[in-house]
Structures are given as C-alpha cells and as structure tokens.
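[1] Model the structure of this input:
(2 chains)
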Amino acid sequence: GAGVSQSPSNKVTEKGKDVELRCDPISGHTALYWYRQSLGQGLEFLIYFQGNSAPDKSGLPSDRFSAERTGGSVSTLTIQRTQQEDSAVYLCASSLTAAGAGADEQFFGPGTRLTVL
Amino acid sequence: RKEVEQDPGPFNVPEGATVAFNCTYSNSASQSFFWYRQDCRKEPKLLMSVYSSGNEDGRFTAQLNRASQYISLLIRDSKLSDSATYLCVVNGVGNQFYFGTGTSLTVIP
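    Model (predicted):
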C-alpha cells in the first residue's frame, strides 16, 4: 500500500516568505508527527496529532511555526516569515496509535528539504 | 542532559565483523524503545523494537537495561549493506519520541 507522502520534496524560499509543507499519512493511521532534521543532527520533534485530540505543540520552536490536520488525515506545517535557521529537512511520520506503552512503529515520509536563502 | 545520547562514531568495520552500539536515555519512565536505520539523505526506517527481555532478528540483537537506562544493538556478520546511521529512539513525556543523533556505521569490504 501507499506510504507516507510529503510535498514538495524540495523548497527554496527567500528569507521572510511563508511556506507550507504537506503530509499525507498512511490511511487509517491516527497519529501524525512532524520532525525536522538539520544537517548532521538528530530528529527534533515539532508537533503531534492524535485523532481528534488537541495537538501536542510543545516542540514548535517559535510562534512562526504552526500546523493543522484536517479531517484527521492530511496535515500542513506552515512556517511564517522564514529565517535561514529554518533550513532543514522536515519529516512527517504516521503510526497506528499514540505514543506510550506499546507505541507503534512510525512510518516516515521522504521529507521536504527546505532551504531559506 | 539530552534525553537520548548515542556515540556518533563513525564505526568503520570490515565485512563479517561484529559491532555493537549503545544508547542511554534519561527518562526512567520511558516504556517504548526502538532502533531505526537511516541511509544517507533518506528517511528513517524501523529496524527493530526493543523489548524488555531482549530480542533478536536475524543478525541483529537488541537489549534493554532499565536499571542502567541504556539500550544496545548488536550486529553480527556485518554486510556492506549494513552501512547506515542507526538511530536510538525512546518515548518520553507525553506524546514525544526522542531520537538520538545517530551512530554512523561503515562496513568496509
């Protein structure tokens, strides 16, 4: 079956512009995560959605970052007034259920490589 | 202190060698542990979950030591195709998963 898809695969933007990154999770997966990975660094948690519950936004680095998940499926990560330090690969992952005991495997999308000039 | 710490390596080993990676975690309440593999410029993919009693999948063995708060990954009979970055993943407070920065492995012919 189809895996997690993300678009665009690459995005080059100018400092100060807004960008939107899209994630299509695996059908039926209730949990959706956004991470970012800078060159040579580990994955940094950004935000988590579980079903219809309020998202866990504790990882968002600033109020320029926001995300939504419509209809419990597709998610959009928006970065306003982009800065050069926002340049990274933004990865989306989905899993069947939530984190915690017996947490399920996360399936990652191919990522969006964002470059802010 | 970081939630998850790994030796970044790099580990350069010959084909057929046995290599082991360790990862320490700071939250004693963590309950879910995983090893992911990430190839260069690719997304992470699950290698194996880590269970309390330890578990094996072919050439790969994972162990969990709750008392010392570390997990390990042992790779036997290394293959060239094992060359990748191995990420230790631990669940933390709330809904977060914490990823280590990864251990780089290169298997040399």
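[2] looking at chain A, which helix or strand is least sure?
    strand A:43-50 (a mean of 91; mean pLDDT, DSSP states H and E).
[3] for that strand, packing partners?
    Judged by 3 or more Cβ pairs under 8 Å, 6 or more residues apart in numbering or on different chains; DSSP states H and E, strand A:43-50 is in contact with strand A:31-37, strand A:65-69, strand A:75-79, strand B:97-99. C-beta here means a position set from N, CA and C on the backbone, and glycine is covered the same way.
[4] can you list the ones you listed in JSON lines and add mean neighbour count, distance to B:Ser81 and mean pLDDT?
    What follows is these, written out as JSON lines (neighbours: other Cβ atoms under 10 Å in any protein chain shown; distance: least, Cβ to Cβ, whole Å; pLDDT from 0 to 100):
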{"stretch": "strand A:31-37", "mean neighbour count": "24", "distance to B:Ser81": "23", "mean pLDDT": "94"}
{"stretch": "strand A:65-69", "mean neighbour count": "17", "distance to B:Ser81": "35", "mean pLDDT": "96"}
{"stretch": "strand A:75-79", "mean neighbour count": "20", "distance to B:Ser81": "33", "mean pLDDT": "98"}
{"stretch": "strand B:97-99", "mean neighbour count": "23", "distance to B:Ser81": "22", "mean pLDDT": "89"}
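[5] Which one of these lies nearest to A:Glu14?
    strand A:75-79 (12.7 Å; Cβ to Cβ).
[6] show me the contacts for A:Gln41.
    B:Thr101 (Cβ atoms under 8 Å, 6 or more residues apart in numbering or on different chains).
[7] try 10 Å
    A:Ala88, A:Val89, B:Phe99, B:Thr101, B:Gly102 (Cβ atoms under 10 Å, 6 or more residues apart in numbering or on different chains).
[8] Tell me the bridge partners for A:Trp34.
    Taking DSSP bridges, one obtains A:Ile47, A:Cys92 as the residues bridged to A:Trp34.
[9] Thanks a lot, see you next time.
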